[in-house]
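Peer 1: Sequence below, structure please.
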Amino acid sequence: MVHDGQPLQIAELTRAMTRGDEAAYRMFYQHYQPRLFRYIWVVARGREAVAQDALQATLLRVVKYVRIFDREEVFWSWLTRLARTALSDDQKKERRYGSMLAWFRSPNDDANQNENLDAHAAIEQREGQLLQWLDACLAALPESERELIEARYFSQIPVRSMAGENDTSEKAIQSKLARIRAKLRASLSERLRSP
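Peer 2: Numbers count the residues shown, from 1 in each chain. Take a look at the predicted model:
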């Protein structure tokens, strides 16, 4: 990131943000709001209203939880994690709202509706657990591998661009991604098998 022709110093920026410095927040917003929106919009599969809501929730979480970061890559990874959590929370609210509407549509079938609500709650709990496990598995990866996964699947950067940035071939990037996916699958499977 560049600001006024100079590299943006993440440690200085985040330190100022932790102190509540309004100028630092303006600078953060100027540099990161468009990039965060693009990221969230892609993860939300182009649903603009959902992306806007998740962006607002993400920015509120930044204000609430910001801490000092030394490197831009780590800061961006933290921001994307906040964004994914905001999207996940929004989807859970939508499902709960849908469940409640279904319940109100047929009030004569209380037992059936209670079963549906229980099933939805179980699904939400399982999805939340899987997301936590995936985050833990991602965090356990070496930084270079985690960055490749996040670039390709969270930021939707084309393999060709990634190859150019890493000064390697597309085939090499695809092979690395396949190995990392296999490693993540194995980690998730292990967690699923453990009681």
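Peer 1: Start from the N-terminal end of the chain and give the strands.
Peer 2: Using DSSP state E, the strands of the chain run over residues 2-3, 6-7.
Peer 1: and residue 148, what does it touch?
Peer 2: 162, 173, 176-177, 180 (CB atoms under 8 Å, 6 or more residues apart in numbering). C-beta here means a position set from N, CA and C on the backbone, and glycine is covered the same way.
Peer 1: hmm, 7 Å instead?
Peer 2: Each residue near residue 148 by CB atoms under 7 Å, 6 or more residues apart in numbering is listed here: 176-177, 180.
Peer 1: can you give me how far stretch 165-176 is from the chain middle?
Peer 2: Stretch 165-176 has its C-alpha centroid displaced from the chain centroid by 24 Å (CA atoms, centre = their mean, to the nearest Å).
Peer 1: quick revisit: which among the contacts of residue 148 count as buried?
Peer 2: 176-177, 180 (16 or more other CB atoms under 10 Å).
Peer 1: would you list those residues in CSV and tack on pLDDT and distance to residue 20?
Peer 2: Shown next, in CSV, are the buried ones among the contacts of residue 148 (pLDDT from 0 to 100; distance: CB to CB, whole Å):
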residue, pLDDT, distance to residue 20
176, 91, 41
177, 89, 40
180, 88, 39
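Peer 1: from these, which is closest to residue 74?
Peer 2: residue 180 (18.5 Å; CB to CB).
Peer 1: Mind pulling up the pLDDT for the closest residue in space to the closest one that isn't next to it in sequence?
Peer 2: With sequence-adjacent residues excluded and distances taken as CB to CB, 6 or more residues apart in numbering, residue 180 is closest to residue 145, at 4.9 Å. Residue 145 is assigned a predicted lDDT (pLDDT) of 88.
Peer 1: wait, residue 145 sits on residue 178?
Peer 2: No - in this structure, residue 145 is not within contact of residue 178 by CB atoms under 7 Å, at 11.8 Å.
Peer 1: Compare these two and say which one has the larger neighbour count.
Peer 2: Between residue 145 and residue 178, counting by other CB atoms under 10 Å, residue 145 is the more crowded of the two (17 against 10).
Peer 1: Would you mind splitting this protein into its domains for me?
Peer 2: With automatic domain parsing as the criterion, the domains of the chain are listed as 2-140, 141-195.
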